[in-house]
Each structure stands twice: as C-alpha cells, then as structure tokens.
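> Have a look; sequence and predicted model below, questions after that.
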Amino acid sequence: MPKFVALALLWACLAGAAQTPATPPQALDLFDLGAPSFANFPASSGLPNSVTVGVQTDAEGFVWAAAPAGLFRYDGRRWSQPDDPRIAHSVTGLWLDHGGTLWAGFRDDGIAHYDGRRWQVENQSTGLPSQQIRRFTETREPDGSWTLWALTWDQGLMRRQDGRWLSDAGNAQLPRSAVLTMAQTHGFGGGERLWVGTGEEGLWYRERGGAWQRFRAEGFEASQVEYLLRSEHEGREELWITVFGSGLWRLREDGLRRWTKETGELPTNDLYDIAETPLPGGDRAIWVSSRSGLLRVHGDNTQVFDRRYGLSSNVVRALSVWRSPNGDAVLWLATESGVSRSVIGANPWLTASLLGDQATGVFGVLVEADGRGGERLWVGGSEGGLGLYERGRWRYFTQESGDLPTSSVRMIAAVDAADGRRARWLGLRYGHLLRIDEGPTFTPLTVPWKADPAEAVLDTLARKADGHYEQWFATRLSGIHRLRNGVWTPFRPAEVVDRWRVNRLLEQIDAGGRSWLWAITNQGLARYGGAAWTLVDREAGLVDSNMTGGSLINDAQRQPVLWIGTANAGIVRVDVSDPLHPRRVAASLPAATDPTAYGALQDSQGRIYVCTNNGVQQLTPGADGGYVSRVFTRGDGMVHDECNTNGQFLDAHDRFWSGTLGGLTVYDPQRATADRQPKPLKLIDVRIDGSFSAPDEVRIPAAARSVRIDYALLSWQREAESRFRTQLLGYDADPTAWSADTSRSFGALPPGSYRLRIEARDYAGNPSTPLELPLIMAAQWWQTPWARGGFALALLLAGYALVLWRTRALEHQRNALERRVAARTDELNAANARLRELSYRDALTGLANRRALLEALEQRTGDGAAEQMALVFVDVDHFKDYNDHHGHPAGDEALRCVAEALRGCAPADALAARYGGEEFACLLPRGDVEQGMAIAECIRAAVAARRVKVPGTAQSRSVTISAGVASRRVASREQVEQLLRDADAALYEAKRCGRNCVRRFAAAMLPAD
C-alpha cells in the first residue's frame, strides 16, 4: 500500500492543476451563472386568490395587476382594488402608452384608461367596435407619432384615432381567430412591417400599404402565437416569437432560430410573454414567461428560474419591464400565485447553484483559474455530487454517472503539490478521498481510516517541514492524519474522547519562521508544534469547545488572530502571536443573528464575512477601530439563511461564496452600489367619516368626527423598511417618531387652517420630497367670532349680576360636581379596564386570544435581547367533521375541554391562548423544546382521556388533538415570525403522522451537518 500511495502522490505532482497564468484570470460572469432574487406578493398582500394575467407600472410609479377579478394597484405598501364597479371585470391586458396613459382591456366589457386619478370606460354603448379585448400595443408612424392598437378576441384590430377606437380596414384579410399579439419591424423585407400573432392561424404580416399575408418558413411551426417582441442586437433587427406548445423562435434576416423542450433548451413549450433588459457593454437578456417558470435567454443559452429560486409560482403568465428613476430594470411577473418582482442587476447576492437543495445543500466551493484566461467553479452538494461550471456550462459528476463512489461531497480543496503546482482534492461521504486531475478525472487514494456512512474528509493542508513535503487531512470521525513519503500517520491528543471531528486545518508561520498547525475541532482548539497535537482551550480561555470552522486573520497591528466559529458562542477570537501561549481576545464583536457561526473570511479590503445559521454577517472596519455590522438573509437575496460547515470561499475578486442548506449563494461587492435615489412619496387616500375627499385641499365639516389620511412610498425594493413621520403644522409642536405607519388620523380639531406635513425615507435612508396637505377645519355656529363675542358679553353681565349672591351656591355646586366627576371617572376607569381585559380574552374558552399572544411575543423583542422561548401549537383533530356530526354546541364543549387541558398542563408563567377556530397555543418564556414537548404531551393525554358531553343528548364523545413544538432564541420580529412558522410546521408534521401525537420542529435544533 505505501508503494501505491507514493505513486499516487507522484502522479499528483505531475498531473496537478495548470500553472497560474501570468495575468490575473477574468472573473466568472455572474450574470450567466447566477439567478436573480425575487420579492413575492401573494393573496395575503391584497391580491386576489385567482391568477394574475398582466402587470404594468404607470407613469407615477404605481404598479397595476390584471386578474379575472379585476384591477389591483400596488402603492408600495399593499395591493388594493379600486372601489369602482365599472372596472370590476375580468382584465386581460394592460399597457402604458408613450403619452403616459395606462390602458386596461377587459375580456368582455370593453376598454378603460387611467388619467392618474380615475378610470374612464369605453364600451359598445360609446361606439367601441368590440368589447372583447386581448392586448394593446403601439406602432411608430413615419412622422414620428405613435398609433395605439387594441387586439380583440372577435373583431381583429382596432386603432385609436382622434380620441376614438376604429376597426382596422385590413381586418377582412386576417383569419377569424383571435389576435393575440402585434409588433412592428423596420428592416425585414427591406422596409416596415406589421406582424400579428393569432390564436389558431399562426403568424401574419403586412408591409405598409399592403395586404395581410401569412408568414411561412421552412420548419416554422406556429398556430397559437402568444407574443411578439421586436429587438435590435449588435446592429441586427430581430423578432422574438413565443408559440404556445411549440417553443421560442427568433427571426432575423439570416434565418430562424428555435428553442424547444425537445432539444433540452426549454423546460416547456408552453410560453407566454417576452421582455428585454439591457446589460453592461451593450448586451441584453431576453426574458420569457412560461408554465414552468421564468426563462432567461442570453446569447444562445437559456436558464429557468422557478419556485426553487424563490418565485411564488412555477406558472408565470405575463411579465413587464419598468425602468426605475435610478435606472434599475425592474422585472414584474404575473403568476398563478400572485405577483413577483426582481430588480435586475441591482442585487449583490445571486443564487449560483441549487445543488444539494433536496438534501442539506452545499459543503464544498472552489473558484480557480481555468488555464484559458478565465475561471471555473467547483461545487459539492450533500446529495447532488460534484458540479463544474466553466465556459458558461455546467457538468455534473455523481455516483449515478459512474464518476464518483458516492454523490455526497463534504470537501473540495486545492493545495500546492510538491512541485508547486496546484492539486485538487475531493472528500466524500464514507471517507472516500479522491484527487481531481484535468479532464476532469477522479483518482481514489487508499486511506487508513475505516469506511463509515458518517466519515468524511473535511479539510486538507500541505506544507514542507524538515525538508519533506507532507499533506495533512482532517476527518469527520477519526481526527487528523498525515501523509509523508507515502506513509500515513494518525494523530490524536490524549485529552480527546470519543469521535474526534476536525473541521479545519490552518498553518501559521511565526515571527521566527517556524511553522505551527492549528486544528479547529468538535473538542476544542488543537495545536501542533512538530511533535504532537495538544488541546489548548483551557489555557486560551475559550468557553465553547464545539468549534465549526475558522481562519487566521491579522489584526490592525499585524498580529495573527484565529477567528473561530463555534456552535453556541458565535465567533471567538484567539491571539496566537505567541503560539505557545494563545489567549482569547477580550474585545467584543457586533452581535450576530445566531450563536452558531461557521468561521470567518477576510477579503482584500478588510471586510470580514461570518456565515451563521441565520444569514451572513459582514463586518467592515470602522474609524474607531471596531467593526460596522450588516447582516444579509434571504430577504437580501441569499438562497437560504443557514450556512454549512466549510462551505465558504473568497475568490480573487473579493466575491464571497457560501454553501447553504438551499444551495450556493454568492455576494459580489462590486454589485453593491449605494442606492441614493429618493423614492416618490404619494398621497393615497383622504377619508372624512369614512367617505372619500378630494386630496388637493381637505375641507372638514364642523360636524365631522374623524379624518384619515393614507400615504405611501413608491419604493421598488425592500418596502417593508420604509419609514414615515408627520406633523400637523399649527397643532403638533413636533413631528411624530419615525415608524412604518402609513396613515394619520384625527378626531375633532379646533377650527382653523392647518397643513399636514408628511416625510418619508426608504430602506437606504434616502429622504423623499415631503408632502404638505392643507386641512381647513370649519367652525360650528357657536364657534364663530360674532357668536363668541356675544357669549362673552352675556356671560360678563350675568356674572356681574350673580356674583354678589351666588358665590356660596356656586362653591357648593362645584364641590358636588367634582365629587360626581371623580365618581364617574372611577366608574369609567373600571369599565375601561374590564373592556381591555375582554379585548385580550377569548369569550368561549376564557383563554387569552390571538391578539394577546402576538403582543406578548412582540413585547419580548422590544429591547433587542435574545430570549429562549418555546411555543406549542395545538389543533383539534377532525374538528369540522365533529361539528358537522354533533352540532356547534358540541363543538364548543370540545373546545372548552381542550382549553381546560391547556390550563391544567401549562405552568404558571406560560401564556395559554386560543389562536383561532380549533387552534390553540401555549407560549413558554425561557422554555426549551423538551419542556414544550412535555407540556404538549400532557395536553394531548388530558384531552384524549376525557369524554365530552354532547348537549341535548345523553351521549358523550372523545376528541383528540395534534401538537407541534418549536423553540428558538428570539430577539427580533423576524425571529418571532420564524418561531411561529417552526411551530406551525411541527403541527403540520403531527397531522401528517396520523394526528393524536406531538412532533417537534427539528431543523432549528442542531447546526447543519
């Protein structure tokens, strides 16, 4: 065996990776590699539960969605449907013309256009030739003017002329099937052409002044032409065509190009709309909506993005591109589960690969020069094998393909071979170790450790010591092994017990030129000075021995510091300037979002990236010697919040790559441009006693009881972080505090003139131009100046007459009145206290209600301090059937039974609540998952043991419950929401496992493996 190993190492030296080129390689093109990130707007945001079939941004920046249920507008905070019955019809098309007018086409009810304040409707009663509208488009006339067209299901084409819709004279030449799409080209055939796609008869065109004729070309298969897009690329005009059921086509003077499912270039041939976005350098991307996701065409390559990438639905019915005020291309998608949005090119986070997303994600990343002036990317998944991305193409190597002994990758690493060239190594599950040679080919090495499903090589390090080249390997079960001169040597400190997991190996060259090795392990920090490995946790003052990863980073004084990730204490720093006497760095770092950290990496600008179980923390050196913290999560574009051990990599261009449970994500600081564009602040609605009022100048009648003003910030990203404040000038001494509130309400105001000043700032802190809304409060008749003067004179005379003999009587009356007022005040305070108690109490069960539970959770996040808590969700099994068979009174008795069980099992400091319907919850402050499981089981057993009387009969019945338990440390609203989702997921698992049982949410309990 030593002879075989020596030959293998010799081959590694001769067949290692190619020499690094003299000039730096060109960075990987992240556009072709990466997936865009999406923001989703489901039905809960105000959209209908039905599909959306169109989306368009109007001239002011409001976004409109078309649906069978009508029109819906997004104002930067929520979607709402206009309160106008004339447009409450099935909408099939939206269009913003060159004059800034928004048009809507109805399936059977004509056309409407929006003037910025209200919709104007046209139908057959106003002379409209057809009420069945499919789509709109515009064409350019020779004089530079634009013609607006409406495409119909039943009457061909209509054109807008002199404020009226007219049937086109050429309709008789077109087939009788619906006209679905239209485009104009300028170069095909030597001149201008109009093109239309029909529902059954394919593609038609006509030249200016000519007749319509069907387009025919060899191999062109078209019946239902869904969309046409005219484009120009590299000086050539193109016509892009989607044919439902046939795929994507591109027509140029040099011929046709087709993309189909049959050639493997598309996931489906069922396509809808097309849009185009520009790219740097004059390039562009083509986007296509389909029934299998969003498609992107760049060059001849296609990519598909679906729900795995964060889309709300795999079925994208329509799309549109809007250019924001700061130049971002904002892509809006109408789907069968709401609306989605992506800001193209503006997000520094991209999804690079979904490898391993069906298991536990990515555990190996390597970016290296490809020997051709560029770079290539290696990615290893927990169950997806090894992926290689180079020259715009992915290749995959798995057990199924015969390339690897198993498809579970745990390490990809490159080290200097004995001859100085780079050699790549691959660690797999079961402890397999392979060398990756060019090709690539995979050569297995014979290793001394035992094959085990849990064994794996996690890291490798090469160095020259005592004149010998040696390579060290860190394993998941058997610790550290050294290979030198063909001989394997295992190492294990005497203090180690049980299995020794070594996650990371690091080399330090001290000030005297001596080499030291450090190992980051599950039993602490280990040091090797040339003879033996020693655990040094106690002498270094470390508090958590379960370490997950780390790196060696020089501090501001150029002293070497180990940044170590731990399972329970976040990042721990150890000063190793004197390797024999390591000491923990006492200075604290900015708080992270999770106690589990997987080490730290520093880029060339001094930025440090810490990957955790709840996002990536970026630490930027501050002027005071500390760090400025910023945390990135899925909301910022990461594919998943939870990172994986040894899954992080910094490439030569300061790009941070991170393997997560959901795949590989990459952060490019070059794309992290500062957003300095103020967003438009808009007045949305003014209501006086619930009725609409004109928003220009609000005149409030004297008898009005309430005034409500709604406003919004039209931001095209991270709207939840927009903040507002107001001041009623002439009434408020100071502005209100900044908050997420998007409305201001008033009760009775003193008569007079006021101005409501509204200010806003977006997620980046950009202030918007303030709004000032005049408010004029009318006076009651008795508040007018003449009435007040008369009242004053009368009171003066009456007072003079009465003061002589009524002084004592008034004194007695005042005292009596004060006593009555005091008594009444006490009564009112008591009544208010009772009402407040009732507002937090469920009337049927006597438990706290959902409002009380959510406010209790919210209060525990107020000071920002993380608190461990457990949450139990309980649901009555088959409750609807129980109600249907025994009646609602019997159902009420069953709910009271469950409530009694909760009260009997919950500890004194717990909050038991009826969450809604047949769902209950029990919040355990400072509780862990084991306490939650015990209480949940107590509730389940108590309910199952009881018989519930059926009112009106002598019968009694038994009921059962299912329960889900989750626990986590909570310090923010997002973590509260995650706790609720975890408990709900555990409850769903209990239901799925047969009901009448308790399940815990396990994913958040342990760090990723």
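Looks like it came in fine. Model, not experiment: these values are computed from the prediction. Residues are numbered from 1 along each chain as shown.
> Start and end of stretch 623-631, how far apart?
19 Å (C-alpha to C-alpha, to the nearest Å).
> Just give me the neighbour total for residue 162.
Neighbour count of residue 162, defined by other C-beta atoms under 10 Å: 5. For the C-beta atoms, the positions are set from N, CA and C on the backbone; glycine is no exception.
> Look up how far residue 170 lies from it.
19 Å (C-beta to C-beta, to the nearest Å).
> Pull the contacting residues for residue 739.
By C-beta atoms under 8 Å, 6 or more residues apart in numbering, the contact set of residue 739 is 723, 724, 725.
> Return the distance of the helix or strand hosting the second one from the chain's centre.
Looking back up the chat, that one is residue 724. Assigned by DSSP states H and E, residue 724 belongs to strand 723-729. From the chain centre to the centre of strand 723-729 is a distance of 30 Å (C-alpha atoms, centre = their mean, to the nearest Å).
> And for stretch 151-169?
42 Å.
> And the contacts of it?
Stretch 151-169 is contacted from outside by 93, 107, 111, 122, 127-130, 132-137, 147-150, 170-171, 174, 178-182, 196, 199, using C-beta under 8 Å, 6+ apart.
> three-state assignment of the residue most central in space within the chain?
Residue closest to the average C-alpha location in the chain (C-alpha atoms, centre = their mean): residue 635, at 3.7 Å. Under DSSP: H, G, I helix; E, B strand; the rest coil, the three-state class of residue 635 is helix.
> From residue 666, how far off is it?
17 Å.
> same thing with residue 277?
20 Å.
> got the contact list for residue 341?
Residue 341 sits next to 38, 39, 40, 41, 330, 331, 332, 333, 716 when contact means C-beta under 8 Å, 6+ apart.
> Can you verify my assumption that residue 780 contacts residue 704?
No: under the criterion of C-beta atoms under 8 Å, residue 780 makes no contact with residue 704, lying 11.1 Å away.
> okay, the two: which has more neighbours?
residue 704 (18 against 11).
> Can you list the low-confidence ranges for the stretch 851-1000 of the chain?
862-864 (pLDDT under 70).
> ok, which stretches of it are strands?
Assigned by DSSP state E, counting those that start in this stretch, the stretch 851-1000 of the chain shows strands spanning 867-876, 911-916, 919-925, 948-949, 956-957, 961-970, 998-1000.
> same check, this time on the stretch 601-750 of the chain
So, for the stretch 601-750 of the chain - with DSSP E, counting those that start in this stretch - the strands run 608-612, 615-621, 627-632, 643-650, 656-660, 663-667, 681-688, 691-692, 698-700, 707-713, 723-729, 743-746.
> Tell me which other helices or strands the last one touches.
When contacts are defined as 3 or more C-beta pairs under 8 Å, 6 or more residues apart in numbering; DSSP states H and E, strand 743-746 packs onto strand 707-713, strand 723-729.
> Now do the last one and strand 681-688, the angle between them.
Which is strand 723-729. Strand 723-729 runs at 60 degrees relative to strand 681-688, counting by axes from the mean of the first three to the mean of the last three C-alpha atoms, to 10 degrees.
> Pull out the buried positions in strand 723-729.
Across strand 723-729, burial judged by 16 or more other C-beta atoms under 10 Å covers 723, 724, 725, 726, 727, 728.
> thought the last one was touching residue 754?
The one in question is residue 728. Yes: with contacts counted by C-beta under 8 Å, residue 728 reaches residue 754, the gap being 5.4 Å.
> Touching both of those two, which residues are there?
Common neighbours of residue 728 and residue 754 (C-beta under 8 Å, 6+ apart) are residue 775.
> can you give me the offset of stretch 374-394 from its chain's centre?
With C-alpha atoms, centre = their mean, you get 25 Å for stretch 374-394.
> could I have that stretch exported to CSV, CA atoms only?
Extracted in CSV, the C-alpha atoms of stretch 374-394 (Å, rounded to 0.1, in the frame of the first residue of the first chain):
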residue,chain,number,x,y,z
GLY,A,374,-10.8,32.7,-17.2
GLU,A,375,-12.1,30.9,-14.1
ARG,A,376,-14.1,27.9,-13.3
LEU,A,377,-16.3,26.9,-10.3
TRP,A,378,-16.4,23.6,-8.4
VAL,A,379,-19.4,23.0,-6.2
GLY,A,380,-20.1,19.9,-4.0
GLY,A,381,-23.5,19.0,-2.8
SER,A,382,-24.6,16.8,0.1
GLU,A,383,-26.5,14.5,-2.3
GLY,A,384,-26.1,16.1,-5.7
GLY,A,385,-22.5,15.1,-6.4
LEU,A,386,-19.9,17.5,-7.8
GLY,A,387,-20.7,20.3,-10.2
LEU,A,388,-18.2,22.1,-12.5
TYR,A,389,-19.1,25.3,-14.2
GLU,A,390,-16.8,26.6,-16.9
ARG,A,391,-17.2,28.4,-20.2
GLY,A,392,-20.9,29.0,-19.5
ARG,A,393,-21.7,25.3,-19.0
TRP,A,394,-22.4,23.1,-16.0
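> which stretches of the stretch 51-200 of the chain form strands?
54-57, 63-67, 70-74, 79-80, 91-96, 102-106, 111-114, 119-122, 133-140, 146-152, 157-161, 164-167, 179-185, 193-198.
> Which of the residues in the first one are classified as buried?
Which is strand 54-57. 54, 55, 56, 57.
> Which of these sits closest to residue 255?
residue 54 (32.2 Å; C-beta to C-beta).
> and the residue nearest to the closest one when sequence neighbours are not counted, what does it touch?
Taking C-beta to C-beta, 6 or more residues apart in numbering, and ignoring the residues beside it in sequence, residue 54 has residue 66 as its nearest neighbour in space, at 3.5 Å. By C-beta under 8 Å, 6+ apart, the contact list for residue 66 reads 52, 53, 54, 55, 56, 91, 92, 93, 94, 104, 318, 334.
> Could you identify which of those has the most neighbours?
Of the contacts of residue 66, with other C-beta under 10 Å as the count, residue 52 tops at 30 neighbours.
> Relative to residue 142, how far out is that residue?
Here residue 52 is placed at a distance of 37 Å from residue 142 (C-beta to C-beta).
> The strand holding residue 724 - contacts with which helices or strands?
strand 743-746, strand 752-761.
> change it to 10 Å
With contacts taken as 3 or more C-beta pairs under 10 Å, 6 or more residues apart in numbering; DSSP states H and E, strand 723-729 sits against strand 707-713, strand 743-746, strand 752-761, strand 771-777.
> What distance separates the opening and closing residues of stretch 522-541?
Stretch 522-541 end-to-end distance (C-alpha to C-alpha) = 16 Å.
> next one: stretch 617-634
13 Å.
> And for the residue lying closest to residue 969 once chain neighbours are set aside, the neighbour number?
Leaving aside its sequence neighbours, residue 969 sits nearest to residue 866 (C-beta to C-beta, 6+ apart; 4.3 Å). Neighbour count of residue 866, defined by other C-beta under 10 Å: 17.
> Same question for residue 578.
12.
> Same check on residue 618?
So residue 618, with other C-beta under 10 Å, has 20 neighbours.
> correct me, but residue 98 touches residue 140?
Yes: with contact taken as C-beta atoms under 10 Å, residue 98 and residue 140 are classed as touching, separated by 9.2 Å.
> So for those two, which sits in the more crowded spot?
Neighbour totals were compared for residue 98 and residue 140, and residue 140 leads with 13 against 10 (other C-beta under 10 Å).
> List the beta-bridge partners for that one.
Counting by DSSP bridges, residue 140 is bridged to residue 146.
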